[in-house]
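> Sequence plus the predicted model coming up.
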Amino acid sequence: MKIGPEHKAASPLRRWAVPLSVAAGVAAVSVAAVSAFGATGQPKPRVADPARSGESRTSAPSPTPSTSRGSTSGGANSEASPDAFTITNATTTPIAPGTVSKILSSCLGPDASKYHAVIAVRTPVVSDNSDGVVVAVDSADQYVQCASKGDKGSSQDSPPTFINNRLWGTGRSIEYFDSTREPAGKGQYLMLGAGHYTTDVAKVTVSYGNKPKEYPAVMAGGAFVYAATLRPDTPPGPHYAGPSPYIHAYDASGKEIYDQTKDPQFTSEP
């Protein structure tokens with residue numbers, strides 16, 4: 001499997017700056033590999049290392065990873081702080097195999113037969129655009145990520161394989177696919193992302209914003225997926241930025257071998 005970065009630019013179709021840039025999308029409990037058609041990630045938070053910095057402030061496509069510190073401004077047009085939020089649900093549920101086939105077919109067209117799903121899960125909340133995600137891989141170890149809505153699938157990348165070898169974390173143990181934050185009605189947002197991990201990674205978790213709790217990602221076939229329902233603590237404005245997700249990886253001994261909050265690719269100032 002190739003692990004070298006071939007592309008550093010993000011797709012113009014991506015919705016966020018990595019990894020809540022489209023990129024990538026978890027608690028200190030063992031996360032077993034799931035079956036080819038998904039599994040449930042239970043939201044058992046753990047306390048991680050100190051305070052996060054670098055909140056994504058853009059909802060427009062960005063060609064490179066970008067973060068900036070979360071802040072609010074005074075006045076009538078103040079936005080809700082990206083750090084004032086609650087994760088209300090981080091549990092996914094498997095998608096039935098027959099439905100997975102339909103999702104891949106509508107997402108990939110005639111190429112669907114070349115891929116087999118390694119993760120296929122419904123998200124804890126439904127947005128206008130998606131209610132789940134399917135990550136599939138072909139015989140050449142090329143991944144695709146398809147958002148689902150019912151039994152229909154779509155990819156925001158062109159071609160769908162664009163997500164491969166694109167944005168590797170320090171040490172090349174974590175690669176980011178696509179991630180999104182989408183309104184999900186009733187003051188809620190869907191946080192969804194995915195990625196790829198190397199064989200030295202035994203567990204992947206995700207934390208949000210400056211909060212230290214980590215939630216387990218769904219893992220299988222070299223891919224991971226995270227999804228959560230986020231609710232701002234105060235009513236958000238029309239340009240609510242929200243917190244960024246941060247990926248953590250652990251080896252079989254439980255040692256943290258990757259922490260996105262310390263990855264210079266995402267934390268270095270321009």
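Nice, I can see it.
> so where do the helices sit in the protein?
97-108, 264-267 (DSSP state H).
> Return the set of buried residues in the longest one.
Along helix 97-108, the positions that meet the burial threshold by neighbour count (16 or more other CB atoms under 10 Å) are 99, 100, 101, 102, 103, 104, 105, 106, 107, 108. Every C-beta, even on glycine, is put in place using the N, C-alpha and C of the backbone.
> And those, which is closest to residue 251?
Set against residue 251, the nearest of the buried residues of helix 97-108 by CB to CB is residue 100 (30.3 Å).
> my guess is that closest one meets residue 132, correct?
No. Contact status for residue 100 versus residue 132: not in contact, 9.5 Å apart, counting by CB atoms under 8 Å.
> what residues are shared contacts of those two?
Taking CB atoms under 8 Å, 6 or more residues apart in numbering as the contact rule, residue 100 and residue 132 both touch residue 120.
> Regarding stretch 90-97, how distant is the last residue from the first?
22 Å (CA to CA, to the nearest Å).
> and if you look at stretch 167-187?
31 Å.
> I'd like the average pLDDT over that stretch.
Mean pLDDT, stretch 167-187: 89.
> Buried residues in that stretch, which are they?
Within stretch 167-187, the residues scored as buried using 16+ other CB under 10 Å are 167-169, 173-182, 184.
> So residue 166 sits against residue 195, correct?
No. Contact criterion CB under 8 Å: residue 166 and residue 195 do not qualify, at 9.9 Å.
> coming back round to it: residue 201: which of the buried residues of stretch 167-187 is nearest?
Nearest member of these to residue 201, counting by CB to CB, is residue 173, at 5.5 Å.
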